[in-house]
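Undergrad: dropping a prediction and its sequence here:
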Amino acid sequence: DTEVTQTPKHLVMGMTNKKSLKCEQHMGHRAMYWYKQKAKKPPELMFVYSYEKLSINESVPSRFSPECPNSSLLNLHLHALQPEDSALYLCASSQELAGAGAEQYFGPGTRLTVT
Amino acid sequence: AQSVTQLDSQVPVFEEAPVELRCNYSSSVSVYLFWYVQYPNQGLQLLLKYLSGSTLVKGINGFEAEFNKSQTSFHLRKPSVHISDTAEYFCAVSRAQGAQKLVFGQGTRLTINP
């Protein structure tokens, strides 16, 4: 199984809502990532977890809150978002955070629209 | 820090013609190099990667790339494209040592015309 799954596929939320994005992998990978991708742009790294600990935070606003409940799951909690946060949110995982085992596998993404 | 430049934002090609998508990178340390493909409304799929060893790397769907250290390039090629190759292609680089943070190029939109 080389699949990363993400739910929901689409999400529309108001600026006062609280919602969560979910990512799951069953490849035994120990590193998991959140990316944000705007239209016609490359993915931008947001957060990296390694062995369930937050390893990298790319200065993301606090309205985005990541959580890694276990080695297979990664959540992204959303609160008080702005319309400019509308984007495709991609999750990825890799065997390790560094070295030759760090090839990243991407999920299909969640298309988020903030109204 | 690492950076990636994809020299063409759009490449139109006729079906069954060869194609080359160009990628140059900048880094003061050893790097790993990747090409990813993104079909409309989908996530990214790894086409191929260069970690070490042979500079000619073969990937999925008939794609290959050549790592050229002196020219700091990693161009992607396919000898004969199909309509189904229409997609966005991203070149990416990461440090070979330490935490792997992928740095992506701006992407090249490959359009295959019949």
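TA: Yes, it's here.
Undergrad: quick check: residues of chain A near chain B?
TA: Within chain A, the positions near chain B by Cβ under 8 Å from any Cβ of the partner chain are A:4, A:6, A:31, A:40-43, A:45, A:48, A:50, A:55-56, A:90, A:92, A:94, A:97-100, A:102-109, A:111. The way it works is simple: take the backbone N, C-alpha and C, and place the C-beta from them, glycine included.
Undergrad: and B:F104, how far from A:Q37?
TA: B:F104 sits at a distance of 9 Å from A:Q37 (criterion: Cβ to Cβ, to the nearest Å).
Undergrad: and if you look at B:E20?
TA: The gap separating B:E20 from A:Q37 is 25 Å, by Cβ to Cβ.
Undergrad: try B:D85
TA: Between B:D85 and A:Q37 the computed distance is 21 Å (Cβ to Cβ).
Undergrad: then B:R109?
TA: Relative to A:Q37, B:R109 is positioned 14 Å away (Cβ to Cβ).
Undergrad: cool, and A:S55?
TA: Distance from A:S55 to A:Q37, counting by Cβ to Cβ: 21 Å.
Undergrad: of those two, who's got more company?
TA: With other Cβ atoms under 10 Å in any protein chain shown as the criterion, A:S55 and A:Q37 differ in neighbour count, and A:Q37 comes out ahead with 19 against 15.
Undergrad: and that one, bridged to which residues?
TA: With DSSP bridges applied, A:Q37 shows beta-bridge pairing to A:L88.
Undergrad: the one 10 residues further on too?
TA: Under the criterion DSSP bridges, A:F47 forms beta bridges with A:W34, A:N57.
Undergrad: so what's it up against?
TA: For A:F47, the set of contacting residues under the criterion of Cβ atoms under 8 Å, 6 or more residues apart in numbering or on different chains consists of A:33-34, A:54, A:56-58, A:60, A:64, A:66, A:76.
Undergrad: before we move on, the earlier item: and for B:F104 and A:Q37, which residues touch both?
TA: Shared contacts of B:F104 and A:Q37, defined by Cβ under 8 Å, 6+ apart, comprise A:P43.
Undergrad: and the pLDDT at the spatially most central residue of chain B?
TA: Centroid check for chain B by Cα atoms, centre = their mean gives B:W35 as the closest residue, at 3.4 Å. At B:W35 the predicted local confidence, pLDDT, stands at 96.
Undergrad: A strand includes it, no?
TA: Yes. Secondary structure assignment (DSSP: H, G, I helix; E, B strand; the rest coil) places B:W35 inside a strand.
Undergrad: ok, for it, nearest residue in space, not its chain neighbours?
TA: The shortest distance from B:W35 to any residue other than its chain neighbours is 4.4 Å, reached at B:L47 (Cβ to Cβ, 6 or more residues apart in numbering or on different chains).
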